[in-house]
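Q: here is the input, now give the coordinates:
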Amino acid sequence: ITYNFTTDEENKISNILQLRNELAKDDTVTGLFSMSHMARIISMPHNPWGLLLIKLANAFQPKTTLELGTCIGISCAYLAAGLNGKHLITMESFEPLVPLAQNTFSSLDIKNITLLCGHVPELLKKHLPTLPSIDFVFDDHMHAEKYVMEYLSIIKPYLSDQAIYLFDDIMRNPSMENAWNKIKQDKQVKITVTLAKGICYHDFNHPVPRVGICIIDKDITEKIHCDINLDGCKRVKVENNQLVEEFTA
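A: Next up is the predicted model:
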């Protein structure tokens, strides 16, 4: 995990930030929240999490990526920035958000996204059989164990032999903590990584977990788990069925 980006990625990041700043001034209310609130609070924070989505998409180069929970399309934009034009499917259950997300994609000139709206389990059951195997999943939809585990059970048969699956807000509530603990014990999940970030105004040395990453890989024989504080970690790799962390000085 580094902060080195290509010129193309830097341009896309700059465009995303500019759009976020514009949306942060928009007090128009859609559903329960204003555009400002969705851009500043609900959408994936820019640093490090949005940048992390770009890095992961770029590193794994999945052919088919699936996002659950489009909202206004900010997380989608980060993923698309790292996919180099490869296909991204995003699903949203709240219909009033769809035109807002489409406006985001249009403003950023993103053309490799298919946006589907409806009841997510039904969308998954309808569309997954028609798609190539899924290489990359980002679940940022309903933050409760019931839904997380239901989506995972539906998607799992359609994952490729080497797939990466991200969960946002894994410590948001006890229900999400339960879900993450169950996922770490899943026999098909070979690597799990709990990513955290220190909170400066509280305790910079106390990492707060945010994103959980699962890697399902038929070639990995032993289960591996690692807790990583992004404030100190520079790079992580797998060697001899072990996660090796390199730390900044």
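
Q: can you show me the helices along this protein?
A: 7-23, 35-37, 51-60, 74-83, 98-107, 120-127, 145-155, 174-185 (DSSP state H).

Q: just put these in CSV and tack on distance to Ile228.
A: The C-beta positions use only the backbone N, C-alpha and C, and glycine is treated the same way. Converted to CSV, those look like this (distance: least, CB to CB, whole Å):
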stretch, distance to Ile228
helix 7-23, 22
helix 35-37, 29
helix 51-60, 11
helix 74-83, 19
helix 98-107, 30
helix 120-127, 29
helix 145-155, 21
helix 174-185, 14
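
Q: which of those sits closest to Lys197?
A: Across those, Lys197 has its closest neighbour in helix 51-60 (9.7 Å, CB to CB).

Q: state the pLDDT value of the closest residue to Pro48 other than its chain neighbours.
A: The shortest distance from Pro48 to any non-neighbouring residue, by CB to CB, 6 or more residues apart in numbering, is to Leu230 (5.3 Å). Leu230 carries a pLDDT value of 77.

Q: with Asp26 instead?
A: For Asp26, pLDDT reads 92.

Q: ditto for Glu239
A: For Glu239, pLDDT reads 69.

Q: again, but for Ser34
A: 91.

Q: report how many residues lie close to the spatially closest residue to it that is not a sequence neighbour.
A: Excluding its sequence neighbours, the residue lying closest to Ser34 (CB to CB, 6+ apart) is Asp27, at 5.1 Å. Per other CB atoms under 10 Å, the neighbour tally for Asp27 reads 9.

Q: how about Asp8?
A: Quick note: Asp8 (other CB under 10 Å) scores 10 neighbours.

Q: over to Ser153?
A: Ser153 has 11 nearby residues by other CB under 10 Å.

Q: state the distance from Ser107 to Asn21.
A: 12 Å (CB to CB, to the nearest Å).

Q: Met44: which of the helices of the chain is closest?
A: helix 74-83 (4.4 Å).

Q: contacts for that closest one?
A: 9, 12-13, 16, 19-20, 39, 43-44, 50-51, 53-58, 61-62, 65, 67, 69-70, 88, 90, 101, 104-105, 108, 110, 112-113, 138, 140 (CB atoms under 8 Å, 6 or more residues apart in numbering).

Q: tell me the contacts of Gln92?
A: Small correction: residue 92 is Glu, not Gln. Gly69, Thr70, Cys71, Val98, Ala101, Leu115, Leu116, Cys117.

Q: most surrounded residue in the residues you listed?
A: Going by other CB under 10 Å, Thr70 tops the contacts of Glu92 with 27 neighbours.

Q: per-residue confidence at the closest residue to that one other than its chain neighbours?
A: Spatially, and ignoring its direct neighbours in sequence, Thr70 is nearest to Glu92 (3.7 Å; CB to CB, 6+ apart). What the model reports for Glu92 is a pLDDT of 97.

Q: quickly list what Glu92 is bridged to.
A: Beta bridges link Glu92 to Cys117, judged by DSSP bridges.
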